[in-house]
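1. sequence first, then the predicted structure:
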Amino acid sequence: MASGADKKDSAGQRWRFPRGTAALPAPLMGEIQCARILEATCVAIAEEGGYANTTVTDILDRAGMSNKTFYEHFDNKDACVVAAFRVYGDRLAAELASAWPDPAPWPERVRATLAALLAFGEQAPSPLRFLLLDAQTAGSVLRVEQLRATERLAEALREGRAADERAVDLPPHTEEMLLAALAWRVGRALLDAEPLEPLEPELVEFTLVPYLGAAAARRFARP
């Protein structure tokens, strides 16, 4: 857990708004404040060791904002955490959807989508870690949101059942289990500060094995 001094040195200054009378327009200022609070939420939950250990004060330490500003945007910590999951989840979903080239062959679509996931993580590691790992610590606060997100992604993977006759009889929750394993592997890399891009062949092969078989999946992922 970070000390108060560490928080201010590592995050507080980073988030501080410039002072003075030449303020930004109120709507734009509100958008910026909200965005910074949401990103600070991801950072705080990671650094404080989970949702239960994180307070509104911890979030504001990272955002460099006051209690008053926080409560202008969110009723409480739960509302803030749900908003963070929705905002970053929707942003990631949009990135993945745009990378799902139709009517490209399904394995190519999987590869493009996983590449987009890793690119998102390179650009926004704290939000992706929050979505894949730290959101799990919020329990019932995010359970419905997580289930919806998982089902949306699983539906796209289920198209792979038509890729090979051997995939027709896969267990019903294969896609959900694949997604959980992918989240763990990428989340582990984020925890260890590994570069994400080199993971692509491994993730592609792992995802395709149940649908194409081990040999075909390896040939495709590692040509």
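-> In hand now; what should we look at?
2. count of residues packed around residue 101?
-> Taking other Cβ atoms under 10 Å as the criterion, the count of residues near residue 101 is 12. (C-beta placed from N, C-alpha, C; glycine too.)
3. kindly indicate whether it is helix, strand or coil.
-> Classification of residue 101 into helix, strand or coil gives coil, according to DSSP: H, G, I helix; E, B strand; the rest coil.
4. was I right to think it contacts residue 111?
-> No. Taking Cβ atoms under 8 Å as the contact criterion, residue 101 and residue 111 are not neighbours in contact, 9.9 Å apart.
5. show me the helices in this structure, by range?
-> Residue ranges of the helices in the chain, as given by DSSP state H, are 4-7, 13-15, 26-47, 56-63, 67-73, 77-98, 106-123, 125-132, 143-158, 174-191, 200-212, 214-221.
6. quick one: mean pLDDT for the first one?
-> Which is helix 4-7. Taken as a whole, helix 4-7 carries a mean pLDDT of 43.
7. same question for the third one.
-> The average pLDDT within helix 26-47 is 90.
8. so for that helix, what gets flagged as buried?
-> 33-34, 36-47 (16 or more other Cβ atoms under 10 Å).
9. now do the fifth one
-> When neighbours are counted by 16+ other Cβ under 10 Å, the buried residues of helix 67-73 are found to be 69-70, 73.
10. how is the chain divided into domains?
-> Following automatic domain parsing, one gets these domains for the chain: 4-74, 79-221.
11. mean pLDDT lowest where, among these?
-> Looking over those, mean pLDDT reaches its minimum on domain 4-74, with a mean of 78.
12. tell me which residues touch residue 209, please.
-> Applying Cβ atoms under 8 Å, 6 or more residues apart in numbering, we find residue 209 in contact with residue 217.
13. related to what we said a few turns ago, reformat the helices of the chain as CSV; add distance to residue 167.
-> Compiled in CSV, these are given as follows (distance: least, Cβ to Cβ, whole Å):
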stretch, distance to residue 167
helix 4-7, 49
helix 13-15, 47
helix 26-47, 36
helix 56-63, 44
helix 67-73, 46
helix 77-98, 21
helix 106-123, 10
helix 125-132, 25
helix 143-158, 10
helix 174-191, 9
helix 200-212, 4
helix 214-221, 11
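14. still on that earlier bit, closest to residue 160 among the buried residues of helix 67-73?
-> When the buried residues of helix 67-73 are compared for distance to residue 160 (Cβ to Cβ), residue 73 wins out at 40.6 Å.
15. how far away is that closest one from residue 93?
-> Plainly put, residue 73 is 23 Å away from residue 93 if you go by Cβ to Cβ, to the nearest Å.
16. thank you kindly, that will do.
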